[in-house]
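Colleague: only geometry, no sequence info:
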DNA sequence: AATGAATGAGCCTTCATTCAT
DNA sequence: CATGAATGAAGGCTCATTCAT
């Protein structure tokens, strides 16, 4: 809400040093610091320095640390969602190379999932969900739910097109995600270890393989 | 190591400045507080009060907050692992009701997974893995790895018995877990919402269903 | 360096959470407390109270206790040096009453040396030089060295004027100081006991007497 | 006082590991730690470890930290005094090489004065004299006063023997010490820097030179 | 709206000291 | 007497937050 107010004056004058918009700078800096240090260890001062802004300015814009976190999380969730959805929407229903297409999609989703930024978002969510439960709402409605939703849509269309056999596209979408992310989480040691591209491809292949045996096209694919 | 020293005097009277088993009391209290408040928000003082002990006593036993966390995590991981493994080992290879048995196993694992204690352990791990990477090692080697390992063993036996078709039992175990936990995580809103028993059963059924289509017995079971 | 920033607003009103010149107030309070209690026994809280300032303000200005000590020592060394040098510069080369003039100088230097403030500075230096060796540099270059240097200059001029016979004016200055301070230190029990003015005069006389026999004017004074 | 009680049983039985006497071990350890870390930074625990003794044992023997310090200081003062006095007593009244003998004495006294242990004793005295004034009495009556006293005696004898001209041997002794130690203190940066033997000899020569011009034999020695 | 200075609450940790055996 | 465990009282330092300009 307050997030937009600033956008309007994003182009206004502003004395000295060229600057995009303080509010934006703060949000970026906040995310940088929050995701680097975790919410509790992050300090407003660090964020202020990163944003080249006085501490008080942050308070003027966001009121307090929690609110700042909420805004930062919202912004990041948006970014994360955008990347995931873009990947999903590249999935074309092509009868002849369904498996390849799904594998490519799986790979792309895994890349998003294993990205540092994604991990950091999840880390903060998990860490703070006890104290700040609404954080999850924010992130969920901007990223998680939307992503699975879009994926389910795709699967529904593929089902209609006779390429998949999903009684419940949403369930299929959830399981597709789970088959991708579950093993990846284990292998990346909660995002601590980088997973090579080759490994990612392998993970995608395994997931798709299982997925297709359960939800593959009606007749063939025994 | 030093963890056992205390056990010896576990039976003493309580005396004035009693001693029963302070170490154990501290460990329990630590876990209570850590998992309730998160590592950073937890204070040694709160733990001391919870354990009915002087703050310094904690330092005498564990040195510092981090070390205390490590010990507490280790202890809890042990508990979590025990419960999971017990559930797995109850899985009997019975040809006629394989599906029912797997569903029961899935349900039990889900109950473990969705248990508050489990969630708290995971929360702390995820939250602090950046700053304290060895925490993951501790938990992984005491719980996560062991659990998947035992599960894989089971699947291997079932494969040999001709009840499953798993080329790579470890992969099967990972995917089985993923199919269970992934959807559960989403539905429980990262452990924030309790999932009803009925829901858990449903989740188990869905997971097993997909699982069996991929890894079911060779001939039958279309 | 940062020491001056505050000077600029030295004239402001006092306001509610006044500001007059906190930095200066802190420095003074710090010296009061440090020299009263010694570095280790002094607490930041005591200093804060003495300066009527919040503890944090001290940290904002000086970063930590050590740095605060360094600044306080520097400030005090400056004061001590000023007094000593002023005394030395009052020494006029007068042929007829050289002895009287030297005795007066000796007396003045002893007064400086035996002053509480001087003793406190020395106490802290000696006590902490092990842990904080650079303290000595600070004090030395602001007080000790300068003082002996100025004294040596004076003696050099007197030598040129034929009033003294100092092959090495610096040595003469050092020995002059030593003859004054050494006995004074013993008599004052490391600054614990006040020495009466009569005693100080006597000490000066003894020192000058010995000094002149070694460095007195060329011809006479066998 | 309590110091002697233990000495009596120094040879008694004592269970286990061969040991000289716990009390003695504690005293040594105390001095080691006190002089290494300074009184405030020294911890009873460190002393206990150094002495291979339980903390409580220290309390059994000495009651509290201050008392322990007093005893340790007393013991060390004794040691320091012994070394100094030994040096002084080696001074023989020899007409033909008085200067050489004095220089040798000066050199020996400087070595004592500049010794680490001496500095540490002085450091602690100076640091704590405010809070624990009786420390000075202890050290003074066991070391400082005795040393100057013995030196004054020597000078008195030399005066009677016609080798020196000291109206007040005590003054002469004090000034002799001052001429030695004053410059040495400056050059050693309060005991921080080691002074080479050559330098020490030079310092002794300078001191003796001035000293003899003031207190040399009656007629000769211009 | 932006800033520099100041604040108060609190946290981790240390240490001299005391119990109970 | 010696010991291991436990304690209470601080102390240094950090941080979110607020004034006053």
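Modeller: Sure thing, it's come through. Values in this document were obtained by computation on a predicted structure and should not be read as measured data.

Colleague: so how many other residues sit close to the residue nearest to residue A:206 when sequence neighbours are not counted?
Modeller: Closest residue to residue A:206 apart from its sequence neighbours, by CB to CB, 6 or more residues apart in numbering or on different chains: residue B:171 at 6.0 Å. From N, CA and C alone the C-beta is placed, and that goes for glycine too. Number of residues near residue B:171 (other CB atoms under 10 Å in any protein chain shown) recorded here: 19.

Colleague: how about residue A:45?
Modeller: The local packing of residue A:45 (other CB under 10 Å) involves 11 other residues.

Colleague: what strand or helix carries it?
Modeller: Per DSSP states H and E: residue A:45 is located in helix A:44-51.

Colleague: do residue A:82 as well
Modeller: Here residue A:82 sits within helix A:65-89, counting by DSSP H and E.

Colleague: give the other helices and strands that that helix contacts.
Modeller: Identification of packing neighbours for helix A:65-89 by 3 or more CB pairs under 8 Å, 6 or more residues apart in numbering or on different chains; DSSP states H and E yields helix A:2-8, helix A:22-37, helix A:44-51, helix A:55-62, helix A:98-114, helix A:116-128, helix A:134-139, helix A:145-160.

Colleague: what residues sit buried inside the fourth one?
Modeller: Spelled out, it's helix A:55-62. A:57-58, A:61-62 (16 or more other CB atoms under 10 Å in any protein chain shown).

Colleague: repeat that for the shortest one.
Modeller: Neighbour-count burial for helix A:134-139, counted by 16+ other CB under 10 Å, picks out A:135-136, A:138-139.

Colleague: which of the residues you listed lies closest to residue A:101?
Modeller: Closest approach to residue A:101 among the buried residues of helix A:134-139 (CB to CB): residue A:139, at 28.4 Å.

Colleague: so that closest one touches residue A:125, yeah?
Modeller: Yes: taking contacts as CB atoms under 8 Å, residue A:139 lies within contact range of residue A:125: 5.7 Å.

Colleague: which neighbours do those two share?
Modeller: Common neighbours of residue A:139 and residue A:125 (criterion: CB atoms under 8 Å, 6 or more residues apart in numbering or on different chains): residue A:73.

Colleague: sorry, back to before: from the buried residues of helix A:55-62, which single one is nearest DNA strand E?
Modeller: The nearest member of the buried residues of helix A:55-62 to DNA strand E, counting by CB to the nearest atom of the strand, is residue A:57 at 3.5 Å.

Colleague: against DNA strand E, how distant is residue A:156?
Modeller: Between residue A:156 and DNA strand E the distance is 46 Å, computed by CB to the nearest atom of the strand, to the nearest Å.

Colleague: give me the nearest residue to that residue, chain neighbours excluded.
Modeller: Spatial nearest neighbour of residue A:156, excluding adjacent residues (CB to CB, 6+ apart): residue A:169 at 4.1 Å.

Colleague: repeat that for residue A:113.
Modeller: residue A:181 (5.4 Å).

Colleague: okay, now the domains of chain A?
Modeller: Listed by automatic domain parsing, the domain ranges of chain A are A:13-63, A:73-215.

Colleague: how long is the last one end to end?
Modeller: The first and final residues of domain A:73-215 sit 34 Å from each other (CA to CA, to the nearest Å).

Colleague: residue A:216 against residue A:165, yeah?
Modeller: Yes: between residue A:216 and residue A:165 there is a contact under CB under 8 Å: 6.6 Å.

Colleague: so which of these two has more stuff around it?
Modeller: Just comparing residue A:216 and residue A:165: by other CB under 10 Å the higher neighbour count belongs to residue A:216, 20 against 16.

Colleague: residue A:190 against residue B:129, yeah?
Modeller: Yes: using CB under 8 Å, residue A:190 is in contact with residue B:129, at 5.0 Å.

Colleague: now the common contact residues for the two.
Modeller: residue B:136.

Colleague: rewinding a little: identify, from the buried residues of helix A:134-139, the entry nearest to residue D:80.
Modeller: Distances from residue D:80 to these, taken by CB to CB, are shortest for residue A:135, at 67.5 Å.

Colleague: and that closest one, what's its pLDDT?
Modeller: With respect to pLDDT, residue A:135 scores 93.

Colleague: got it, and residue A:142?
Modeller: 95.

Colleague: same check on residue A:1?
Modeller: On pLDDT, residue A:1 comes in at 40.

Colleague: okay, and the residue nearest to residue A:206 sits in which element?
Modeller: helix B:169-187.

Colleague: right, and the helix or strand after that helix?
Modeller: Later in the chain than helix B:169-187, the nearest helix or strand by DSSP H and E is helix B:197-215.

Colleague: list the buried ones in that next one?
Modeller: Going by neighbour count (16+ other CB under 10 Å), the buried part of helix B:197-215 is B:199-200, B:203-204, B:206-215.

Colleague: do stretch A:69-77 as well
Modeller: Neighbour counts over stretch A:69-77 (16+ other CB under 10 Å) mark A:69-77 as buried.

Colleague: any low-confidence regions in chain A?
Modeller: Counting by pLDDT under 70, chain A has low-confidence residues at A:1-20, A:219-222.

Colleague: cool, thanks, talk later.
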